[in-house]
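Asker: Below is the sequence, then the predicted model.
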Amino acid sequence: MQRQDTALLFLLASIWGASFLFMRIASPVLGPFFTTEVRVGVAGVALLLYAALRGKLPRLRDRWKAYLILGGLNAAIPFVLICTAELHLNASLAAILNATTPLFTALVVWGWTRERLGRGKAVGMVIGLAGVAILVGWSPLPLNGETVLAILFSLLAALAYGFGTTYAGRAFRGVAPLEVAIGQQLAAAILLLPFALYEWPRSVPPSNVIYSLLGLSLLCTALAYLIFYRLMERVGAVKTVTVTFLVPIFGILWGVLFLNESVYVTTVIGLLVILMSIVLVNQIPLPARLKRKPKEERLELP
């Protein structure tokens with residue numbers, strides 16, 4: 001990866017990590033449905049304007065049913081679940097739990113296509129569950145009903161992402177990524193509108209909540225998708241997926257800096273175990289310099 005691509009990767013991770021901070025600020029004041037409605041609605045319109053400026057307006061009506069399904073699985077459901085979870089969880093813990101998305105994606109692919117998991121992926125899933133157990137079981141948060149339900153919501157959000165990613169790969173093969181992003185956000189906004197109207201705020205929210213909504217919409221969704229697809233084009237999916245390892249780190253960092261959240265040894269251990277499981281499940285190769293060279297190749301060296 002060139003320096004520009006590496007910088008974009010870290011920028012994307014920092015932006016997506018900040019989404020948990022913004023949701024933690026906005027959701028308790030505005031509610032999960034209204035927060036998510038503003039997020040996907042503003043982001044969808046912003047991406048639509050960007051496409052219009054480039055002369056690439058999408059034909060969304062041709063696949064409107066598919067976009068409604070994708071908008072529900074990959075935006076409306078997981079965003080609302082995470083916002084609801086963060087009513088009782090801190091941003092750091094929510095970011096780490098969301099890092100289990102690749103594990104659930106592999107599980108969905110296995111159940112959907114009956115693709116053989118293989119020993120490495122199976123072991124990775126077991127290790128991932130162990131990481132969640134360490135993260136939750138040794139957490140200083142009280143394990144009451146609200147906390148357990150919030151943790152469950154976070155994991156269900158990761159599962160929804162797994163279904164959404166798998167569905168997108170099948171239903172939108174050959175469709176321009178920008179069109180998929182626009183259709184997903186606008187469809188999610190349509191699905192959430194009745195629930196958002198019920199949570200409509202009775203007064204103007206504080207300035208920090210408004211800034212959080214703008215950050216969620218324009219930075220963490222609209223801009224993040226543009227950076228993500230640019231990286232996909234420049235360096236490929238395998239290298240871009242390494243952003244998974246960086247997002248929870250930035251999620252923890254922003255939580256500590258701006259919300260004064262505490263980081264415990266068990267939190268770090270749980271994170272490392274989950275990241276180790278992601279390596280096994282995604283079968284991410286080691287860098288070439290870390291691989292042991294074949295015997296015959298070593299013999300040919302001077």
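Answerer: Structure received.

Asker: avg pLDDT for stretch 230-239?
Answerer: When pLDDT is averaged along stretch 230-239, the result is 82.

Asker: So what does the residue most central in space within the chain look like in phi/psi?
Answerer: When the chain is reduced to its mean C-alpha position, the closest residue under Cα atoms, centre = their mean turns out to be N98, at 6.5 Å. When quoted as degrees, to the nearest 10, the phi and psi of N98 stand at phi -70, psi -20.

Asker: Could you report the distance from it to Y161?
Answerer: 8 Å (Cβ to Cβ, to the nearest Å). In short, each C-beta sits where N, CA and C put it, glycine included.

Asker: For R230, give me its contacts.
Answerer: Listed by Cβ atoms under 8 Å, 6 or more residues apart in numbering, the contact partners of R230 are L8.

Asker: before we move on, back to that, quick one, grab the pLDDT at the residue nearest to the centre of the chain.
Answerer: What the model reports for N98 is a pLDDT of 93.

Asker: Now the closest residue to it other than its chain neighbours: which helix or strand?
Answerer: Among residues not flanking N98 along the chain, A158 sits closest, at 5.8 Å (Cβ to Cβ, 6 or more residues apart in numbering). When elements are defined using DSSP states H and E, A158 is found to belong to helix 145-171.

Asker: measure P206 to P32 for me?
Answerer: When Cβ to Cβ is applied, the distance between P206 and P32 equals 18 Å.

Asker: And these two? Which one has more around it.
Answerer: Under the neighbour definition other Cβ atoms under 10 Å, P206 and P32 were set side by side, and P32 has more, 25 against 12.

Asker: next one: phi and psi at the more buried one?
Answerer: phi -60, psi -40.

Asker: Below-threshold pLDDT in the stretch 101-250 of the chain: ranges please.
Answerer: Residues of the stretch 101-250 of the chain meeting the criterion pLDDT under 70: 114-115, 117, 238.

Asker: how about L216, secondary structure?
Answerer: Reduced to three states with DSSP: H, G, I helix; E, B strand; the rest coil, the structure at L216 is helix.

Asker: my read: it touches R39, true?
Answerer: Yes - using Cβ atoms under 8 Å, L216 and R39 qualify as a contacting pair, with a distance of 4.5 Å.

Asker: So for the two, which sits in the more crowded spot?
Answerer: Neighbours around L216 and R39, counted as other Cβ under 10 Å, are more numerous at R39. The numbers are 31 against 28.

Asker: quick one: that one and Y198, what's the gap?
Answerer: Plainly put, R39 is 17 Å away from Y198 if you go by Cβ to Cβ.

Asker: residue contacts, G72?
Answerer: Residues counted as contacts of G72 (Cβ under 8 Å, 6+ apart) are 187-188, 191.

Asker: An error on my part: the question was meant for V175.
Answerer: So, once contact is read as Cβ under 8 Å, 6+ apart, V175 ends up touching R63.

Asker: now it: how far from Y67?
Answerer: When Cβ to Cβ is the yardstick, V175 and Y67 sit 10 Å from each other.

Asker: can you give me the helices in the stretch 1-150 of the chain?
Answerer: Taking DSSP state H, counting those that start in this stretch as the criterion, the stretch 1-150 of the chain carries its helices at 3-30, 32-53, 64-71, 77-85, 91-98, 101-113, 118-137, 145-171.
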